[in-house]
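Undergrad: have a look at this fold, sequence not included:
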């Protein structure tokens, strides 16, 4: 049970600090509300559209293609760490894995997903 | 840690064939648009994989990949069934792809990959392998349901299916993690020995884990009360995809339930029997009764498939190898009669989607109507069709397991479903048509209908022919 004590303390501290900040700033702080201050914060710009609005589908496509290579990297990194232990079998396995990923890449290229048109 | 040996890879031959074909189709997808090449390649791959599943196993039970994967009579049976489903669905898709311009390469690649997932799932001896293969099935299924991007109904069905099925996956994963917490393993055999060794059986955690696992898997086979996605998904998807989901996914899901129950949780048989009995009873009742009010043929078949899953579960309730054999027999026959009924829907095109479209079909297309009659009689469970044999073995199994009340309920609901199916027969044979005769359909669809019809008949006339193959894990 003892090893969970640290986690419990962390939760208490985190909760306590957040509560304290909210309570203190709402009781002690000066309040001069303006229209800008009351607007929902969105990276410094006015939130002028609904968050459920439409997004250009090409962003989505690019993001998905990015994930293709991102996942590839996620697998290659730990593999590289233990590469010398795995030996030739490990190399062959990784080549097969990359080959399968490349099929997806070739498909994306072939069907024109990489062109911003 | 060493890599997989050649012996391990030999076990994977059927899956490798399907995956290889899928990758090839993805590579050449753009070049084979408008040709039947993808369909031919899929059918050939399915047949070769089916033969390979039989051949690989001839040397008895083997396991590989550190005990995560097994090839035994049980998985062989289901792999052959899945390969047959894949081949038949590919044949049935011939009509769909002729009618509309879409992407046969991608479509067939997804069918192949989903079938690979099913084959892996029935061979899985470890919860991680199992979870991954189930995810492979569902991920491909989402896209298959929504593959007709120009149809809003198809998109809606895909989104609904995605939301509900990802929820189900989370439940399943949560159940797996609880099991891992209790037993310290994800391996079925290790879980079984851990549970039989320790006397902490029936802790609340274990009950919660079993409930979550059962719920997650019940979503996959669309058993009531986890069935709500199925009618919408089947209706929105094109008919061959609906057939694939109704036949292949359910067979694989039942196979997984059977193996998990018999291998991993034999010591908890009482609780699991009760859970499955509730699922089975509800599925049979709700599936039969709600099917009564359907006017869309695919929705009707969806509710009928929900009822049939209830019947199939009757075998698993016993928790014995005889019970599992009964479920295997049921799954096998169910796949062919369902594919046959969906096949007629596909063959009739737009007219087959609505119940009204079957009016006067017997006068216009006597052979198609006769085939539909055969499949509907089989789905009802009337001898000498295979459907009778299937219902007989599972109800017998439920009686032997001491669930007489459930057996009576199942028989009573069988009468209700008779009304559901015979309504279509009445429309076909006793009404006059108000529509012109449907256009003729491609030879591939006829072949698929012929194969399913022959198996539905032969299975009923020689009821013992399957028993030799239906061996439990």
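TA: On my side now, so go ahead. Values in this document were obtained by computation on a predicted structure and should not be read as measured data.

Undergrad: Three-state assignment for the spatially most central residue of chain A, please.
TA: Against the mean C-alpha coordinate of chain A, by Cα atoms, centre = their mean, the closest residue is residue A:67 at 10.7 Å. Secondary structure of residue A:67, reduced to three states by DSSP: H, G, I helix; E, B strand; the rest coil: helix.

Undergrad: which residues touch it?
TA: Residues near residue A:67 by Cβ atoms under 8 Å, 6 or more residues apart in numbering or on different chains: none. No exception for glycine: its C-beta is placed from N, CA and C like everyone else's.

Undergrad: kindly report the same for residue B:127.
TA: Contact analysis of residue B:127 by Cβ under 8 Å, 6+ apart lists B:176, B:179-180, B:186-188.

Undergrad: give me that answer again for 10 Å
TA: Residues counted as contacts of residue B:127 (Cβ atoms under 10 Å, 6 or more residues apart in numbering or on different chains) are B:68, B:172-173, B:175-177, B:179-180, B:185-188, B:191, B:213, B:260, B:264.

Undergrad: repeat for residue B:216
TA: The contact partners of residue B:216, taken as Cβ under 10 Å, 6+ apart, are B:131, B:134, B:165, B:167-176, B:226.

Undergrad: lowest average confidence, helix or strand, in chain A?
TA: When the helices and strands of chain A are scored by mean pLDDT, DSSP states H and E, helix A:35-38 comes last with a mean of 76.

Undergrad: what's the closest residue to residue B:299 other than its chain neighbours in contact with, if anything?
TA: With Cβ to Cβ, 6 or more residues apart in numbering or on different chains as the criterion, residue B:299 has its nearest non-adjacent residue at 4.7 Å, and that residue is residue B:231. By Cβ under 10 Å, 6+ apart, residue B:231 lies in contact with B:157, B:222, B:242, B:290-291, B:294, B:296, B:298-303, B:305-306.

Undergrad: and for residue A:98, the neighbour number?
TA: For residue A:98, the count of nearby residues is 14 (other Cβ atoms under 10 Å in any protein chain shown).

Undergrad: what strand or helix carries it?
TA: Secondary structure from DSSP states H and E places residue A:98 in helix A:83-110.

Undergrad: list the buried residues for that helix?
TA: A:86, A:90, A:94, A:103, A:105, A:107 (16 or more other Cβ atoms under 10 Å in any protein chain shown).

Undergrad: would you turn those residues into CSV with distance to residue B:472 and pLDDT?
TA: What follows is the buried residues of helix A:83-110, written out as CSV (distance: Cβ to Cβ, whole Å; pLDDT from 0 to 100):
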residue, distance to residue B:472, pLDDT
A:86, 38, 83
A:90, 38, 87
A:94, 39, 90
A:103, 38, 91
A:105, 43, 88
A:107, 41, 91
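
Undergrad: helix, strand, or coil at residue B:435?
TA: Judged by three-state DSSP, the three-state class of residue B:435 is coil.

Undergrad: burial measure for it, as a count.
TA: By the measure other Cβ under 10 Å, the count of residues near residue B:435 is 12.

Undergrad: for residue B:114, see how far away it is.
TA: 35 Å (Cβ to Cβ, to the nearest Å).

Undergrad: before we move on, what about residue B:307?
TA: Applying Cβ to Cβ to residue B:307 and residue B:114 gives a distance of 24 Å.

Undergrad: what's the answer for residue B:175, then?
TA: Distance from residue B:175 to residue B:114, by Cβ to Cβ: 23 Å.

Undergrad: ok, residue B:154 next?
TA: According to Cβ to Cβ, residue B:154 stands 17 Å off from residue B:114.

Undergrad: same check on residue B:11?
TA: Residue B:11 sits 20 Å away from residue B:114, taking Cβ to Cβ as the criterion.

Undergrad: more crowded one of the two?
TA: Neighbours were counted for residue B:11 and for residue B:114 using other Cβ under 10 Å; residue B:114 has more, 29 against 21.

Undergrad: skipping adjacent residues, who's closest to that one in space?
TA: Nearest residue to residue B:114, sequence neighbours excluded (Cβ to Cβ, 6+ apart): residue B:140, at 3.7 Å.
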